[in-house]
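Visitor: pasting the structure only:
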């Protein structure tokens with residue numbers, strides 16, 4: 001391995017070191033993310049300095065772009081992209097570095113996109129049953145009168161059409177009747193006919 005490394009030009013040696021180091025750090029970051037190590041609660045003001053590094057921005061313009069994770073992604077793209085460009089025949093140092101910086105910028109864009117998707121999954125995955133109150137629905141299984149039994153209604157909550165167990169304080173509600181959710185009784189919806 002040492003003989004191979006010594007046979008490389010100074011530019012190639014530099015790019016190999018950058019690529020190897022940044023790829024190792026990136027792999028550690030991915031492993032930590034998968035195991036939930038080092039996650040920061042952005043709502044905790046005592047951890048603000050760490051939250052800035054993770055990507056909350058911290059009041060810095062473009063704060064979500066200039067993070068350690070994106071820096072590592074950029075260096076990884078610079079190293080591997082530069083080596084790829086050199087292998088493809090670019091010999092001028094400036095062109096090799098420009099190609100590496102372009103690949104690094106693409107890696108950062110991909111990283112930001114993936115983190116944005118993960119953030120959307122994290123925030124949209126929690127269904128709040130309280131958001132059903134005031135929504136309109138349709139009875140799918142007759143609801144007996146005065147909470148004497150449980151029926152089912154389909155209600156759209158947070159962009160999802162779901163079927164819920166339901167009770168009513170009034171008269172019986174037949175199948176396919178239109179109802180409004182007026183409250184909650186434990187995990188059941190309290191509905192009234194329209």
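Guide: Now that the structure is in, tell me what you want to look at. Keep in mind it's a predicted model, so treat the numbers as computed, not measured.
Visitor: any regions of this protein where pLDDT drops low?
Guide: 38-65, 120-125 (pLDDT under 70).
Visitor: what comes up buried for the longest helix anywhere in it?
Guide: For the chain, the helix with the greatest residue count under DSSP state H is helix 93-124. By neighbour count on 16 or more other Cβ atoms under 10 Å, the buried set for helix 93-124 is 96-97, 99-100, 103-105, 107-108, 111-112, 115. Where you see a C-beta, it was placed from the backbone N, CA and C, and this is true even at glycine.
Visitor: and those as CSV, adding distance to residue 90?
Guide: Listed next are the buried residues of helix 93-124 as CSV, based on distance: Cβ to Cβ, whole Å:
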residue, distance to residue 90
96, 5
97, 10
99, 6
100, 10
103, 12
104, 16
105, 17
107, 19
108, 21
111, 25
112, 27
115, 31
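Visitor: most widely separated two among those residues?
Guide: 96 and 115 (28.7 Å; Cβ to Cβ).
Visitor: residues in contact with the closest residue to residue 137 other than its chain neighbours?
Guide: Nearest residue to residue 137, sequence neighbours excluded (Cβ to Cβ, 6 or more residues apart in numbering): residue 155, at 3.6 Å. By Cβ atoms under 8 Å, 6 or more residues apart in numbering, the contact set of residue 155 is 132, 135-137, 161-162, 164, 181, 189.
Visitor: let's go with 6 Å and repeat that
Guide: 132, 135, 137, 164 (Cβ atoms under 6 Å, 6 or more residues apart in numbering).
Visitor: what about it, helix or strand, and which?
Guide: strand 151-157 (DSSP states H and E).
Visitor: can you tell me the strand partners of that strand and which way each runs?
Guide: strand 136-141 (antiparallel), strand 160-168 (antiparallel) (DSSP bridges).
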